[in-house]
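1. Below: sequence and its predicted model.
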Amino acid sequence: MIAVLHAYVLAANLAGASIVVVPDQASTIQAGLALGTDTVLVRPGSYDEVVLLYRPVVISGIGLDSLSRPQLSGLTINPYVRAGGLYLIRSFICAGPVVIDNDYARAFPDVRFEQCAFQGGVAETSTFTDLATISVSRCTANGSLSLKARLSCEVDSSNVTNGGISGSDVLRVYDCLVEGGGDSGGIGGGSVSADIERNVVHNCSIGIASYTDGECTVKGNVVEGCSYAGIDVRPHAAALIGNVVRHCQNGVNAIADGGLTMIDNVIAGCVSRGAVISGLESGATITGNVIYDCGDDGVNLVGMISNVFSMKNNTFANNGGAGVVCWIVSVAEGGSVEVTNNIGYHNGAYGINWGTAENATSVRCNDWYGNVPADVGSGPPSPDDLSMEPLFCDPSSGDYHLLSTSPLADCPNCGQIGVLGVGCAATATVVTRFTASRIEDGVRIVWELSPFATVSDLWLERGANEAGPWQRLSNTQSRDGLGTVEVDRSALPDHDYWYRLSGMENGRSRVIASPIHVEGEAITFCIRWVGPNPTVGPVRIEFGLRSAAPVGIDVFDIQGRLVASPINGILAAGDHTVNWDGRSGGREASAGTYVLRYRYPGGEDRRRIVRLP
């Protein structure tokens, strides 16, 4: 192997070109890399190679779309050059595993993957953490992304199935979809810090985990069906904000000696406890959370307080155990325990069960109502608390907003009690966003569920009119914040379509979002698409005609000289496609910038085309 690497480095030193195209200038990808160029472009096709990257390089697939990306047997990144630099891998399908082993060189390069499909996952196997950064953007993986880097590991807008996403020392994961394999998967890591936002995680052992020495932020995620815990964090300090955790064994486990912020989360239908929170020495803020329909306690608190502990404006309802179990062992001088404006409703083992109620410094304006065997356990109720029917909108469907007649909407001397104010609809809102719009290659549909929705197994359906018949679609999904995105690439540009959402609820399928209409585009005199651009080969030109007409498409070089005329003549109304073969006067056109001119009755349209060497 070392002799082979020496040969590659020697070839690199002798090479002078900056770009090579495979298989045009080199028969294999590895041979193209051996030429020492800065960039290797690979045409669509299947390459029976386990490609070895040993020096910083840009290696990019060339294709009209994601379906025509070149396929490799596998990929190994093993830096031979003892220096940093960027390894950029773009637009490939890797049929086998992607392995990063940096032990040999002890270099500190950056590695970035864009728009790749990993059918065997990605693993950083180095004994030491010797990458500077590693990032994965807009990729898919069947298997785990196991990443290590000194400065940051970042994954965004990617889908992972049968595995999870892990990274150190700083982990950032945004807008990803993770479908685990039951006992594995999830998102976790970040020994220094972690920032995990706007992801969707299904069916893992732990949905989101972080055991950092620093700070951890978990924000705006949806976690469902995890066999141990939805969120399990044990950093120095943690912020859990705006997450939805449903149908896990435990909702949230949190230990944060340096402080905890837990705000605006929804935890529902967990088999055991909604949340278990300990290590509260530096205090905590628990505000605006809804925890309901869990099999055991809504929240279980254990700690010794030396700062401010505040639990305010939360709703704990219909849990099998207590709404709140509060074991505050001691409160140091300067610390305080404030429990105010919370609701404990119809819980199975008290609304709040005090282990040590005498350590609470402020308990007021809470409403404990309808709990079994009593509203307050292990101590007398606070004289400043209430026991009144909250008058929720529809607790059976998870809607814990208040009716306008609720006494808790604006209670004298207390204000609003509980997390959700007045806001009832006829039924609980299931879908908070459902949009469809035309894009260049089809129709883009986006939907987002309410945190209180009880539906599962959603699917998208398309009809030729509002009454159907309806065809179930099965497209690859991606994320848009908390929204789910599907692109219907089979939609024709001049056809009208209707889309609706269906799902399972209580064992039955039903329509959960009424049909929305996407109008067909009127065919006009226009260029619809030119690509690929930039290119090293032929260019496809898609254009439309409103009516039968004489049209012309010409290609000029940057000096204005005519290079080619792909079409000149009378064409029928509708969509048309022609190709410029990339040739000029019978020869391959040179690298550079060209102008495409589309002439039609009453006007013209122009586009620039860049040809690479």
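-> Thanks, I have it. Note that the structure is a prediction, hence the values are computed from the model and not measured.
2. For the stretch 1-150 of the chain, give me the ranges with low pLDDT.
-> By pLDDT under 70, the weakly predicted segments of the stretch 1-150 of the chain are 1-17, 63-67, 81-83, 103-107, 127-129.
3. cool, the stretch 251-400 of the chain as well?
-> In the prediction, the stretch 251-400 of the chain carries residues with pLDDT under 70 at positions 329, 356-359.
4. secondary structure class for Ser437?
-> With DSSP: H, G, I helix; E, B strand; the rest coil as the basis, the three-state label of Ser437 is strand.
5. Over to Gly32?
-> Gly32, by the three-state scheme (three-state DSSP), is helix.
6. Can you give me the distance of it to Ala591?
-> When Cβ to Cβ, to the nearest Å is the yardstick, Gly32 and Ala591 sit 17 Å from each other. From N, CA and C alone the C-beta is placed, and that goes for glycine too.
7. Neighbour count for the two, which is higher?
-> Counted by other Cβ atoms under 10 Å, Gly32 and Ala591 do not tie: Gly32 has more neighbours, with 25 against 12.
8. Return the residues in contact with the nearest residue to the more buried one once chain neighbours are set aside.
-> Ranked by Cβ to Cβ, 6 or more residues apart in numbering and with sequence neighbours excluded, the top spatial neighbour of Gly32 is Ala26, at 3.7 Å. Shown here is Ala26, whose contacts under the criterion Cβ atoms under 8 Å, 6 or more residues apart in numbering are Val20, Gly32, Ala34, Leu35.
9. Most neighbours among those, which one?
-> Among the contacts of Ala26, Gly32 has the most neighbours (other Cβ under 10 Å), with 25 neighbours.
10. give me the number of residues near the closest residue in space to Glu389 that isn't next to it in sequence?
-> In this structure, Glu389 finds its nearest non-sequential neighbour in Tyr369, 6.0 Å apart by Cβ to Cβ, 6+ apart. A total of 19 residues lie near Tyr369 under the criterion other Cβ under 10 Å.
11. phi, psi of Tyr369?
-> The phi and psi torsions at Tyr369 (degrees, to the nearest 10) take the values phi -140, psi 130.
12. Quick check: it touching Leu391?
-> No. Using Cβ atoms under 8 Å, Tyr369 is not in contact with Leu391; the gap is 10.2 Å.
13. Okay, and the beta partners of Ile255?
-> With DSSP bridges applied, Ile255 shows beta-bridge pairing to Ser278.
14. and it, how many neighbours?
-> A count of neighbours around Ile255, defined by other Cβ under 10 Å, yields 19.
15. you'd agree it is up against Arg234?
-> Yes. Counting by Cβ under 8 Å, a contact exists between Ile255 and Arg234, whose distance comes to 4.4 Å.
16. what's the overlap in contacts for the two?
-> Counting by Cβ under 8 Å, 6+ apart, the common neighbours of Ile255 and Arg234 are Gly279.
17. per-domain residue ranges of the chain.
-> In terms of domains, the chain is parsed into 1-150, 249-420, 431-518, 526-611 (source: automatic domain parsing).
18. Relative to Ile29, how far out is the closest residue to Gln71 other than its chain neighbours?
-> Of all residues beyond its chain neighbours, the one nearest Gln71 is Ile93 (4.2 Å), with distances taken as Cβ to Cβ, 6+ apart. As defined by Cβ to Cβ, Ile93 lies at a distance of 13 Å from Ile29.
19. Compare the two and say which is more crowded by neighbours.
-> Ile29 (23 against 20).
20. thought the more buried one was touching Leu52?
-> No. Checked against Cβ under 8 Å, the pair Ile29 and Leu52 is beyond contact range at 9.5 Å.
21. dump the residue contacts of Val457.
-> Heads up, residue 457 is Asp, not Val. Asp457 makes contact with Gly503, Met504, according to Cβ under 8 Å, 6+ apart.
22. tell me the SS of it?
-> Remark: Asp457 carries the secondary structure label strand [criterion: three-state DSSP].
23. how about the residue nearest to Gly61 when sequence neighbours are not counted, phi and psi?
-> Distances taken as Cβ to Cβ, 6+ apart place Ser91 nearest to Gly61, at 3.6 Å, with adjacent residues excluded. Recorded main-chain torsions at Ser91 are phi 60, psi 60, according to degrees, to the nearest 10.
24. Would you mind measuring the gap between the ends of stretch 377-396?
-> 25 Å (Cα to Cα, to the nearest Å).
25. got the buried residues for that stretch?
-> Gly377, Gly379, Pro381, Ser382, Asp385, Leu386, Ser387, Pro390, Phe392, Cys393, Asp394, Pro395 (16 or more other Cβ atoms under 10 Å).
26. How about stretch 204-211?
-> Cys204, Ser205, Ile206, Gly207, Ile208, Ala209, Ser210.
27. Which secondary structure state is assigned to the fifth one?
-> Right, Ile208. When classified by three-state DSSP, Ile208 comes out as strand.
28. Number the residues from 41 up from this point.
-> Yep, numbering from 41; the last one is Ile248 now.
29. Look up how far Val273 lies from it.
-> Separation of Ile248 from Val273 (Cβ to Cβ) stands at 7 Å.
30. Enumerate every residue touching Arg529.
-> For Arg529, the contacting residues are Asp481, Gly482, Asn515, by Cβ under 8 Å, 6+ apart.
31. Any quick ChimeraX command for the buried ones out of these?
-> This is how ChimeraX selects the buried members of the contacts of Arg529, with burial counted by 16+ other Cβ under 10 Å:
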select :482
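32. Around the residue nearest to Leu500 when sequence neighbours are not counted, count how many other residues there are.
-> With sequence-adjacent residues excluded and distances taken as Cβ to Cβ, 6+ apart, Leu500 is closest to Leu513, at 4.8 Å. Other residues within reach of Leu513, judged by other Cβ under 10 Å, total 15.
33. and if you look at the one 10 residues further on?
-> Neighbourhood size, Gly523 [other Cβ under 10 Å]: 19.
34. Leaving out the residues flanking it, which one is nearest to it?
-> Glu488 (4.2 Å).
35. doesn't Leu541 make contact with the one you found?
-> No. At 10.6 Å, Glu488 does not count as touching Leu541 under the criterion of Cβ under 8 Å.
36. which of these two has more neighbours?
-> Applying other Cβ under 10 Å to Glu488 and Leu541 shows that Leu541 carries more neighbours, namely 22 against 17.
37. what residue ranges in the stretch 491-640 of the chain are flagged as low confidence?
-> The stretch 491-640 of the chain contains residues with pLDDT under 70 at 491-496, 521, 534, 545-548, 561-565.
38. quick one: the strands in it?
-> 496-503, 510-512, 517-520, 523-528, 537-545, 548-558, 566-571, 579-585, 589-597, 602-611, 614-620, 623-624, 627-628, 632-640 (DSSP state E, counting those that start in this stretch).
39. Output the ones you listed in TSV, with distance to Tyr120 appended to each entry.
-> Written out in TSV, the entries for these read as follows (distance: least, Cβ to Cβ, whole Å):
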stretch	distance to Tyr120
strand 496-503	48
strand 510-512	51
strand 517-520	36
strand 523-528	40
strand 537-545	52
strand 548-558	52
strand 566-571	36
strand 579-585	37
strand 589-597	41
strand 602-611	42
strand 614-620	41
strand 623-624	39
strand 627-628	34
strand 632-640	34
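40. do you know which of the ones you listed lies nearest Ser100?
-> Nearest of the strands of the stretch 491-640 of the chain to Ser100, taken as Cβ to Cβ: strand 566-571 at 14.7 Å.
41. With respect to Thr380, which of the contacts of Arg529 is nearest?
-> Asn515 (47.6 Å).
42. contacting residues for the residue nearest to the closest one when sequence neighbours are not counted?
-> Setting aside the residues directly before and after it, Asn515 is nearest to Glu526 in space (Cβ to Cβ, 6+ apart), at 4.3 Å. For Glu526, the contact set (Cβ under 8 Å, 6+ apart) comprises Arg484, Ile485, Leu500, Leu513, Asn515, Thr516, Gln517.
43. before we move on, what about Val273?
-> Going by Cβ under 8 Å, 6+ apart, Val273 touches Ile248, Ala249, Ser250, Tyr251, Cys256, Val258, Leu280, Val292, Asn293, Ala294, Ile295, Ala296.
44. Reformat those as CSV; add distance to Asn202.
-> Listed next are the contacts of Val273 as CSV, based on distance: Cβ to Cβ, whole Å:
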residue, distance to Asn202
Ile248, 18
Ala249, 18
Ser250, 22
Tyr251, 23
Cys256, 26
Val258, 23
Leu280, 27
Val292, 25
Asn293, 24
Ala294, 28
Ile295, 29
Ala296, 31
